[in-house]
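> Sequence and computational prediction follow.
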Amino acid sequence: MKTDDLIAALAADTHPGPTVGQRLSRALPGAMILAAVAFALFWGVRPDIAAAMTSPAALKPLVPLALSGLAGALALTLSRPEARGGGPAIALWVLAALLAAAFGAALAGGGLSGLVGALANPSLVTCLTSIPALALPLLAAALWGLSAGAPRRPALAGALGGLAAGSLAAALYALFCDQDAALFVLPAYATAILIVALAGSLLGARTLAW
């Protein structure tokens, strides 16, 4: 092949691939449907869902949804090598501080015995296994989407993808969970979500490196 022909062929093969946003828009709807179908088949909504949604228990799905949105926005931002955290990072830290303060207030009110009593029931194991299970397709979609980018810190990007996936799964699981005490919900849900974030970090360190 002549040099000019080779250059022309290489130039013709420079079409940009799909962006992170484009990949996520393709993968996330299917992953969400899969998680929703699994939830309907194996969990289902709690019998008193209507009453729960008119009580403080309504915060159980709403807070994880907000956390998922912020973590997802930050992961999308950091998928570009030149990007910094900015507003999403600040908002995420503020929400984390508010949740820590809420847990501190609940612990001050109920004491260590209240925390032990709240967590000493079979619902804890159900929570810690159900949220990661529901998050699996969401985490896979997040990592596949983020792999189209070039994050400077792939483990962090993967962790944020896992945080978003775990939080979204927690919001879905909250429709099933009948444990509404803050001393149960805050530590149990946080632990389950962090399990998914850790998995995202470990997988992201390998799959998002460039």
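Received the coordinates, thanks.
> Please make it C-alpha for all contacts and neighbour counts, starting now.
Noted.
> Helices of this structure, start to end?
Taking DSSP state H as the criterion, the chain carries its helices at 3-12, 20-42, 49-52, 59-78, 86-119, 123-146, 154-173, 182-207.
> Need the residues that contact stretch 154-163.
Stretch 154-163 has contacts (C-alpha atoms under 8 Å, 6 or more residues apart in numbering) with 67-68, 71-72, 74-75, 78-79, 139, 142-143, 146, 151, 193-194, 196-209.
> just stretch 62-79 next, same as before
20-21, 83-85, 88-89, 91-92, 95, 146, 149-152, 157-158, 160-161, 163-168, 170-171.
> Let's see the PyMOL selection covering just the buried ones among those residues.
Selection command for PyMOL covering only the buried members of the contacts of stretch 62-79, criterion 16 or more other C-alpha atoms under 10 Å:
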select buried, resi 20+88+89+91+92+95+146+149+150+151+152+157+158+160+161+163+164+165+166+167+168+170+171
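> Where does the prediction get shaky in the chain?
Applying pLDDT under 70 to the chain flags residues 1-16.
> can you tell me which residue is nearest the centre of it?
Among the residues of the chain, the one closest to the centroid is residue 164, at 2.0 Å (C-alpha atoms, centre = their mean).
> Count the residues that sit near the spatially closest residue to it that is not a sequence neighbour.
Among residues not flanking residue 164 along the chain, residue 68 sits closest, at 4.0 Å (C-alpha to C-alpha, 6 or more residues apart in numbering). Neighbourhood size, residue 68 [other C-alpha atoms under 10 Å]: 25.
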